[in-house]
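Next come a sequence and a model predicted from it.
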Amino acid sequence: MTLVAETPLDTIVRQLDPLAPPPPAAAPDPQPDPATTPVKQMVIVNWSGELDRIWPTLILASSAAASGVQCKVFVTFWGLLPSSGTGSGSPAPTGSSGCCRR
């Protein structure tokens with residue numbers, strides 16, 4: 001914001017002539033162009049299917065989204081196990097129910 005300083009002569013003129021125009025107002029700051037402003041981004045890697053590692057990933061991702069940060073979550077193989085249908089965070093034995101069922 002640019003401020004216009006009032007000179008002592010302007011102050012005297014304003015006091016002597018009450019109908020004198022007021023000093024010019026400060027010009028508002030221009031709004032930033034959304035096309036040129038950089039976008040904040042974050043990538044979170046979830047490498048484990050244990051609950052104590054899944055919750056912080058989800059909390060960080062939702063907090064980033066609420067703050068206006070674009071967030072991507074990369075889930076590795078071990079991080080996918082809780083959503084595979086086995087019901088546990090530990091690796092499923094070969095041939096059991098889950099993502100590898102035939």
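Ah, there it is.

Which parts of this protein are helices?
Taking DSSP state H, the helices of the chain run over residues 8-16, 51-66, 77-80.

Could you pull out the buried residues of the last one?
When burial is assessed from 16 or more other CB atoms under 10 Å, helix 77-80 yields the following buried residues: 78, 79. C-beta: built from backbone N, CA, C; applies to glycine.

The longest one too?
By neighbour count with 16+ other CB under 10 Å, helix 51-66 contains the buried residues 54, 57, 60, 61, 64.

pretty sure residue 48 contacts residue 75?
No - the criterion here is CB atoms under 8 Å, and residue 48 misses it with residue 75 at 9.9 Å.

Identify the contacts common to those two.
Counting by CB atoms under 8 Å, 6 or more residues apart in numbering, residue 48 and residue 75 have no shared contacts at all.

on that earlier part again, with pLDDT as added columns, please give the buried residues of helix 51-66 in TSV.
Output for the buried residues of helix 51-66, formatted as TSV (pLDDT from 0 to 100):
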residue	pLDDT
54	86
57	90
60	93
61	93
64	93
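
tell me which of those residues is nearest to residue 30?
If you rank these by distance to residue 30 using CB to CB, residue 64 comes first, at 28.2 Å.

which residues touch the closest residue to that closest one other than its chain neighbours?
Leaving out its chain neighbours, the residue that sits closest to residue 64 by CB to CB, 6 or more residues apart in numbering is residue 71, at 4.0 Å. Counting by CB under 8 Å, 6+ apart, residue 71 touches 41, 42, 43, 44, 60, 61, 64, 65.

got the contact list for the fourth one?
Taking CB under 8 Å, 6+ apart, we find residue 44 in contact with 57, 60, 61, 71, 72, 73, 74.

Please convert the helices of the chain to CSV, extending it with distance to residue 28.
Putting these into CSV (distance: least, CB to CB, whole Å) gives the following:
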stretch, distance to residue 28
helix 8-16, 22
helix 51-66, 29
helix 77-80, 48
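
so which of the buried residues of helix 51-66 would you say is closest to residue 34?
Minimum distance to residue 34 across the buried residues of helix 51-66 is 19.0 Å, recorded for residue 64 (CB to CB).

which regions of the chain sit below the pLDDT cut-off?
1-6, 14, 20-24, 26, 83-102 (pLDDT under 70).
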